[in-house]
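Peer 1: here's my sequence, what's the structure:
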Amino acid sequence: MTPQPHGLTRKQLLRAALVAAPAPLLLAAVPAASSVPLNPTPMCDDGDDETPPQIEGPYFKPNSPLRTAIAAGLPGTVLTVSGYVFGTACQPIAGALLDFWQADTNGAYDNVGFRLRGHQFTDATGAYRLTTIVPGLYPGRTRHIHVKVQAPSRPILTTQLYFPGEPRNATDTLYDPALLMTVRPGQASFDFVLDVPGVPPTTTPPSTPPSTPGGTWAPGRAYAVGAQVTYGGVTYRCLQAHTSMTGWEPPNVPALWQRL
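Peer 2: Here you go, the predicted model:
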């Protein structure tokens, strides 16, 4: 990922805009992105060995049910995993398939039925959301969640998601820090970047800019988090430090400015 000025990355900015903006306005709310492509999430070896780094492993089952909650009625610590699927140009991928499977709280897989197994598709914004439990440990492995991710009509990425701070991360030969989730109590997040080319999302400037927007906001200024400006008679608070530019007026970029 290529850092943007003041610590922002293209993916962080797009992710913030996706969260902040209503669906019909999503791409219109994203400032222009760098043309440098993102690095794809590391691809995995689908060989026959059970435990080489990032192979499918022995417990995958096809034809899992379509569902976003895979642990209903099971004991364990509830965990919601969420995030986005992006292409290498940072465009969100709608309709991407994600197929999850994992061990239960005791470290056992259901190889008869489909407990703790399920697939889903990203929504129009490229987002996914999985409700599950924290997987248990079993000999030789650290805590992890398996997943296959596939953009429409593209190759399958098979990988595993890991938990930070696990003692067994240091001894598990499959562990890859590039696949660490961001974990908070009850929640985890991970954004997949698939090897899918595309056009970076851009902002289309209004054909007729406001004749006299008025206020204190101006392009070419460095704004810190918490800074307040006025624009068009409305007050806004800065959410992310950045240097302003034409096209990034506060009403156009809810990822950067919160209306007060």
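Peer 1: show me the helices in the stretch 101-250 of the chain, by range?
Peer 2: Assigned by DSSP state H, counting those that start in this stretch, the helices in the stretch 101-250 of the chain number zero.
Peer 1: and T235, what does it touch?
Peer 2: When the contact criterion is Cβ atoms under 8 Å, 6 or more residues apart in numbering, the partners of T235 are 228-229, 259-260. In this view, the C-beta of every residue, glycine as well, is placed from N, C-alpha and C.
Peer 1: got a winner among these for most neighbours?
Peer 2: V229 (19 neighbours; other Cβ atoms under 10 Å).
Peer 1: give me the pLDDT for it.
Peer 2: Looking at V229, its pLDDT is 92.
Peer 1: which residue, other than its chain neighbours, is closest to it?
Peer 2: Nearest non-adjacent residue to V229, counting by Cβ to Cβ, 6 or more residues apart in numbering: W217, 4.1 Å away.
Peer 1: thought V234 was touching that neighbour, still the case?
Peer 2: No. With contact defined as Cβ atoms under 8 Å, W217 does not reach V234; the gap is 10.0 Å.
Peer 1: more neighbours, those two?
Peer 2: W217 (23 against 15).
Peer 1: give me every residue that touches the more buried one.
Peer 2: Counting by Cβ under 8 Å, 6+ apart, W217 has contacts 229-231, 236, 244, 249-250.
Peer 1: buried subset of these?
Peer 2: Listed as buried from the contacts of W217 are 229, 231, 236, 244, 249-250; burial here means 16 or more other Cβ atoms under 10 Å.
Peer 1: what two of the residues you listed are the furthest from one another?
Peer 2: Farthest-apart pair in the buried ones among the contacts of W217 is Y236 and S244; separation 11.3 Å (Cβ to Cβ).
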